[in-house]
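Chemist: Any chance you could fold what I've pasted below:
(chains A and B)
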Amino acid sequence: MNFKLKDIFPQLITVTAVVLVFGFFTYNAQINMENRGIDFGYGFLSQESSFDVQFSLIEYDGSHSYFRAYLVGLLNTILVSVIGIIIATILGVIVGVARLSPNYLINKFAAFYVEFFRNIPLLLQIFFWYFAALRALPLPQDAEAIFGVFFLTIKGLYIPAFIWQNFSVFFYSIVAAIIAIIVIRIHAKRVQENQGKQIPVFLISIGLIFILPLLSFLIGGVGISFEVPVLKQLATTSFIYEGGVSLPPELIALTLSLSLYTATFIAECVRAGIQGVGKGQKEAAASIGLTPNQVLKLVIMPQALRIIIPPTTNQYLNLTKNSSLAAAIAYPDLVLVFAGTALMQTGKAIEIVSITMFTYLTLSISISLLMNWYNKKIAIQEK
Amino acid sequence: MFKYLKQLTSLVAMVAVLFTFTTETMAAKKSKTLKNTQKKGFVRCGVSQGLPGFSNADAAGNWTGIDVDVCRAVAAAVLGDANKVKFTPLSAKERFTALTSGEIDILSRNTTWTLSRDADIGLTFVGVNFYDGQGFMVRKSSGITSTSQFKDGISACTNIGTTTELNMRDFFNSKGIKYEPVAFEKADEVVAAYDAGRCDTYTTDKSGLAAQRTKMSNPDEHIVLPETVSKEPLGPVVRQGDSVWEDIVRWSLNTMIEAEEYGITSANADMMKTSDNPAIKRLVGAEGELGAAFGLDNDWSLRIIKQVGNYGESYKRNIADTGILPDRGPNELWTKGGILYVPPAR
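Modeler: Numbers count the residues shown, from 1 in each chain, chains lettered A, B, ... in the order given. As a prediction, the model looks like this:
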């Protein structure tokens, strides 16, 4: 035998201890629940929920099941996380690069932003954006139109809704443009490898993505019109906007605070990544005649990304988990809808909390796997 | 020598087991929760995070309110001192878990008695200390004076984890009105959002509306609409499975209400011992052995009345004199046109 008892003995003890601890808690919970006449089971998920939710991406009202309410909460959590991650990444990269700017003003402003927002607790920032900033917004009837069609009020942001004619033609024109761009890129790479000639791929791509959809308007019969929000009176001093799309202030405040907070950490990751690339790399690249743009794109960024990606993954995970603070400001995320209202109405604490924990675990692991895959892709390829 | 030592220890162990067994059965008759409470020296009571009139802490951390008084009454009965209570402020969402998990022994937190709560989640409601109903608050300037003026698109602020959320849906659905529910976890945030103008109406139990109105930046700008859209009998709750503890809490509350019925107050309780009315004498412990059934002494009810007062005193002190709801409405004794009616203590 290759392995000895002394090697597997500690492992055995650990496994036994883990099993015993879990066993004890399960047993204890069972006894306690039995004593208090609480049933255990997931049957409630198919029952009618009988409560409404303010904001939902799928069709939902109280006549749907608790499972549907779970999906509503989950999708709202994913929505705020995805928007938050996108904004935080864009802002983080800009601020991170700005911190390295030789321009004193830009440099210091970026540094101030990072130090200010990352040192205030997130919950406080959420409260600030929701309660302090919200109070400063006008009532619907006092709101000034932005560009004539947007209305930012205390009850939310109202934007026009698009009404499409022949939307499918427009959609396919975009798909066609994307396929064409991919084909051209592959072709351009082959041409460069074989003949050393460079084709202006970027310009051609931009052209395609604009021209094809434009053609769909001109000859494909695609039409677009807007439904502009209109003020409606509910009572003497109570108004709302009807028509268009309304984004609740809870969503706006939460996205804003999550992205402003997380962007500071991403900015630091970006700065560390760029500074982590040796100075010699830049000088060597310049000395073989690459333009500053090419130096950044072909030499610095590919190396910097290897340093940036792993800690940034952590920030994405943090943002997703932090979105559960939504409950404080009534944004109907997974915690508020499912681990809040649904838990209260059913009393199924163990079941609902376990589902919620498992859901966050799955979300986090999915993000991790995705980022690990990307990290592997940009890592040094040993040949 | 060691041989005997071994036998001796096993003998001692057996005696110890037997002894604990006998004391255990005697105390078990008294109730496990009661035993734990007496051992700890305080009653563990779950209350709200601040609802004036019901359970509210002042700057010095002293809790007052009619929900608080129920816990104080139990403390007076089982420990002899109404101040021996440890209050745990809970959100609507946390309250039942705190009780079933054993973190608190009484939940006295403006909680509505419903079938599913009573039967489903391991709880037992012991009585009603406030008859309430859900209502709506609006801004005076809105010109709304009745819920019949509500229109499609109205936004309503409320708490999560309450019967309010369900009643609200029933109400708006029955009227065919589309509404936007905005549900917060904590009451303070509901008030802040409504006060800021986020919502057109704020809905919760009417007593809650009256109490929260006092917290608004300008209470006079808001009115509570006359309609009541649901029945909300509020009362203390205990864990299922300890019927003696359940009885103690139930009869502590009943004692306060019955004391008012017979005109026994904290001021005159001692004098009532010489009353001619046997019902009064029983309540102040001068006749009968009522406490024995719970494993308590005979003065338990007298202590409640002396230290906490009767229901009327508690209501006046907490709700009427604070200007929250000067009119007792249904929370008046059955003998005076209300619906407060408790079984006799005999």
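Chemist: What are the boundaries of the helices in the stretch 1-150 of chain A?
Modeler: Shown for the stretch 1-150 of chain A, the helices assigned by DSSP state H, counting those that start in this stretch span residues A:5-35, A:66-98, A:104-118, A:122-127, A:133-136.
Chemist: what's the fourth one packed up against?
Modeler: By that I understand helix A:122-127. Applying 3 or more C-beta pairs under 8 Å, 6 or more residues apart in numbering or on different chains; DSSP states H and E, one finds that helix A:122-127 contacts helix A:249-275. For every residue, glycine as well, the C-beta is placed using N, CA and C.
Chemist: and the helix it packs on, which residues are buried?
Modeler: A:249-271, A:273-274 (16 or more other C-beta atoms under 10 Å in any protein chain shown).
Chemist: What of stretch B:207-216?
Modeler: Buried-residue list, stretch B:207-216, by 16+ other C-beta under 10 Å: B:207-213, B:216.
Chemist: Averaged pLDDT, that stretch. What do you get?
Modeler: Rounded to a whole number, the mean pLDDT of stretch B:207-216 is 87.
Chemist: One more: stretch A:349-368?
Modeler: 92.
Chemist: Could you list every helix and strand in contact with the helix or strand B:Gly208 falls within?
Modeler: For B:Gly208, the host element (DSSP states H and E) is helix B:206-213. The helices and strands touching helix B:206-213, judged by 3+ C-beta pairs under 8 Å, 6+ apart, are strand B:130-132, strand B:134-139, helix B:187-196, strand B:201-205, strand B:222-224.
Chemist: Run through the residues that contact the nearest residue to A:Leu212 once chain neighbours are set aside.
Modeler: Distances taken as C-beta to C-beta, 6 or more residues apart in numbering or on different chains place A:Ala177 nearest to A:Leu212, at 4.2 Å, with adjacent residues excluded. Listed by C-beta atoms under 8 Å, 6 or more residues apart in numbering or on different chains, the contact partners of A:Ala177 are A:208-209, A:211-213.
Chemist: one step back: deepest in the core, which of the helices of the stretch 1-150 of chain A is it.
Modeler: Among the helices of the stretch 1-150 of chain A, helix A:66-98 has the highest mean neighbour count (mean count of other C-beta atoms under 10 Å in any protein chain shown), at a mean of 20.
Chemist: Now do that helix against helix A:249-275, angle only.
Modeler: 40 degrees (axes from the mean of the first three to the mean of the last three C-alpha atoms, to 10 degrees).
Chemist: quick one: A:Asn103 from chain B, how far?
Modeler: For A:Asn103, the distance to chain B (C-beta to the nearest C-beta, to the nearest Å) stands at 40 Å.
Chemist: How many residues are close by that residue?
Modeler: 10 (other C-beta atoms under 10 Å in any protein chain shown).
Chemist: ok, it to B:Arg95 distance?
Modeler: Here A:Asn103 is placed at a distance of 56 Å from B:Arg95 (C-beta to C-beta, to the nearest Å).
Chemist: Averaged over its residues, which helix or strand of chain B has the lowest pLDDT?
Modeler: helix B:2-30 (a mean of 54; mean pLDDT, DSSP states H and E).
Chemist: which secondary structure elements does the helix or strand that comes right after that helix contact?
Modeler: Of the helices and strands lying after helix B:2-30 in sequence (DSSP H and E), the nearest is helix B:32-40. Applying 3+ C-beta pairs under 8 Å, 6+ apart, we find helix B:32-40 packed against helix B:66-79, helix B:243-261.
Chemist: TSV for these, including mean neighbour count, distance to chain A and mean pLDDT?
Modeler: Below are the helices and strands packed on helix B:32-40 laid out as TSV (neighbours: other C-beta atoms under 10 Å in any protein chain shown; distance: least, C-beta to the nearest C-beta, whole Å; pLDDT from 0 to 100):
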stretch	mean neighbour count	distance to chain A	mean pLDDT
helix B:66-79	28	19	95
helix B:243-261	24	13	95
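Chemist: would CSV of these with distance to B:Ser314 be doable?
Modeler: Formatted as CSV, those follow (distance: least, C-beta to C-beta, whole Å):
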stretch, distance to B:Ser314
helix B:66-79, 4
helix B:243-261, 7
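Chemist: Relative to A:Tyr130, which of those is closest?
Modeler: Nearest to A:Tyr130, of all the helices and strands packed on helix B:32-40, is helix B:66-79, at 29.6 Å by C-beta to C-beta.
Chemist: how about the CA coordinates for the closest one, as CSV?
Modeler: Coordinates of each C-alpha in helix B:66-79 appear next as CSV, following Å, rounded to 0.1, in the frame of the first residue of the first chain:
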residue,chain,number,x,y,z
ILE,B,66,-49.7,48.0,26.5
ASP,B,67,-47.8,45.1,24.9
VAL,B,68,-44.9,45.7,27.3
ASP,B,69,-47.4,45.7,30.2
VAL,B,70,-48.4,42.1,29.4
CYS,B,71,-44.8,41.0,29.8
ARG,B,72,-44.5,43.0,33.0
ALA,B,73,-47.7,41.4,34.3
VAL,B,74,-46.2,37.9,33.7
ALA,B,75,-43.0,39.0,35.5
ALA,B,76,-45.0,40.3,38.4
ALA,B,77,-46.9,37.0,38.6
VAL,B,78,-44.0,34.6,38.3
LEU,B,79,-41.0,36.5,39.7
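Chemist: How about the following helix or strand past it, which residues are buried there?
Modeler: Counting by DSSP H and E, the next helix or strand C-terminal to helix B:66-79 is strand B:85-89. By neighbour count on 16+ other C-beta under 10 Å, the buried set for strand B:85-89 is B:85, B:87.
Chemist: In terms of pLDDT, where does the residue most central in space within chain A sit?
Modeler: In chain A, the residue lying closest to the centroid (C-alpha atoms, centre = their mean) is A:Val82, at 1.8 Å. In the prediction, the pLDDT value recorded for A:Val82 is 95.
Chemist: If we look just around chain B, which residues of the stretch 51-200 of chain A are in range?
Modeler: Within the stretch 51-200 of chain A, the positions adjacent to chain B are A:51-54, A:61-62, A:131, A:134-135, A:139, A:154-155 by C-beta under 8 Å from any C-beta of the partner chain.
Chemist: Which residue ranges make up the domains of chain A?
Modeler: With domains defined by automatic domain parsing, chain A comprises A:46-135+A:248-378, A:168-218.
Chemist: weakest of these in terms of mean pLDDT?
Modeler: domain A:168-218 (a mean of 85).
Chemist: Wondering if stretch B:221-235 reaches chain A at all.
Modeler: No. Applying C-beta under 8 Å from any C-beta, one finds stretch B:221-235 separated from chain A by no less than 10.5 Å.
Chemist: and that stretch, how far out from the chain's middle?
Modeler: Centroid displacement of stretch B:221-235 relative to its chain, using C-alpha atoms, centre = their mean, to the nearest Å, is 18 Å.
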